[in-house]
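Q: I'd like to go over a predicted model; first the sequence, then the structure.
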Amino acid sequence: MKFRSRRYVESSKAVEKSKEYEIKEAVSIVKAFKKAQFDEAVDIVMKLGVDPKHSDQLVRGSFSLPKGIGKEVRVVVFTSGDDKVEMALKAGAVEAGGDDLLKKVEGGWMDFDVAISTPDMMGKVGKLGRVLGPQGKMPSPKSGTVTNDILNTVKEFNEGKI
């Protein structure tokens, strides 16, 4: 027999294990639980009704968290043109540039979390695939990191886009 705390036993009385709850109802129940003396976490299980064997039913995408991800995200922007470089730095990018930034990354500098590129630079950035790819930092159109809208994209990633 497992030992359960008094707080766990009290909280489990508010939940029917065989019932499926709507999101709003489940959140209100969890918020009503007595608080613990450590950082708590909640796991959410959702049935999406998709078959991952079919390529058209894959679940992929990005979303912005309302309060960020809890840490500061360092963003670099691969772009050509001084005006775009200035725009990226004003938006909150740690580093922005063209060929000079490419050489810096090729030299081993990886002090960033997200790499964003403009479409015209992807031919040159593609050569960094062996360096950026294994770390998950390679810009791609599917993840929204290849764009001409540098200002909004940098702001979104700094605010908590995943």
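A: Nice, I can see it.

Q: what's the first helix or strand after the helix or strand that contains residue 116?
A: In this assignment (DSSP states H and E), residue 116 forms part of strand 114-117. Using DSSP H and E, the helix or strand that follows strand 114-117 towards the C-terminus is helix 122-125.

Q: so in this structure, where's the weakest helix or strand by average pLDDT?
A: helix 150-159 (a mean of 85; mean pLDDT, DSSP states H and E).

Q: what does that one contact?
A: Residues from elsewhere that reach helix 150-159, judged by Cβ atoms under 8 Å, 6 or more residues apart in numbering: 64, 68, 73, 75, 77, 79, 84, 87-88, 90-93, 114, 116, 118, 144-145, 147. Where C-beta positions appear, they are placed from N, C-alpha and C, glycine not excepted.

Q: so, low pLDDT: which residues of the chain?
A: Within the chain, the ranges that satisfy pLDDT under 70 run 1, 60-61.

Q: ranges for the helices of it?
A: Along the chain, the stretches classed as helices by DSSP state H are 6-12, 23-32, 82-91, 99-106, 122-125, 129-132, 150-159.

Q: just name the most buried of the ones you listed.
A: Across the helices of the chain, the average number of neighbours (mean count of other Cβ atoms under 10 Å) peaks for helix 150-159, which reaches a mean of 18.

Q: now that helix, how far from the centre of its chain.
A: A distance of 12 Å separates the centroid of the chain from that of helix 150-159, by Cα atoms, centre = their mean, to the nearest Å.

Q: tell me the angle of that helix relative to helix 82-91?
A: Per axes from the mean of the first three to the mean of the last three Cα atoms, to 10 degrees, the angle that helix 150-159 makes with helix 82-91 is 30 degrees.

Q: per-domain residue ranges of this protein.
A: Domains of the chain are assigned by automatic domain parsing as 6-57, 75-159.

Q: off-centre distance for the shortest one?
A: Read that as domain 6-57. 22 Å.

Q: what about it, start to end distance?
A: Start-to-end span of domain 6-57 (Cα to Cα, to the nearest Å) is 44 Å.

Q: next: stretch 114-123.
A: Separation of the first and last residues of stretch 114-123 by Cα to Cα is 18 Å.

Q: now stretch 71-86
A: Stretch 71-86 has an end-to-end distance of 24 Å (Cα to Cα).

Q: ok, stretch 8-24 next?
A: 21 Å.

Q: other residues contacting it?
A: Contacts of stretch 8-24 (Cβ under 8 Å, 6+ apart): 4, 29, 32-34.

Q: format those residues as JSON lines; extra columns: distance to residue 47.
A: Listed next are the contacts of stretch 8-24 as JSON lines, based on distance: Cβ to Cβ, whole Å:
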{"residue": "4", "distance to residue 47": "28"}
{"residue": "29", "distance to residue 47": "19"}
{"residue": "32", "distance to residue 47": "24"}
{"residue": "33", "distance to residue 47": "24"}
{"residue": "34", "distance to residue 47": "29"}
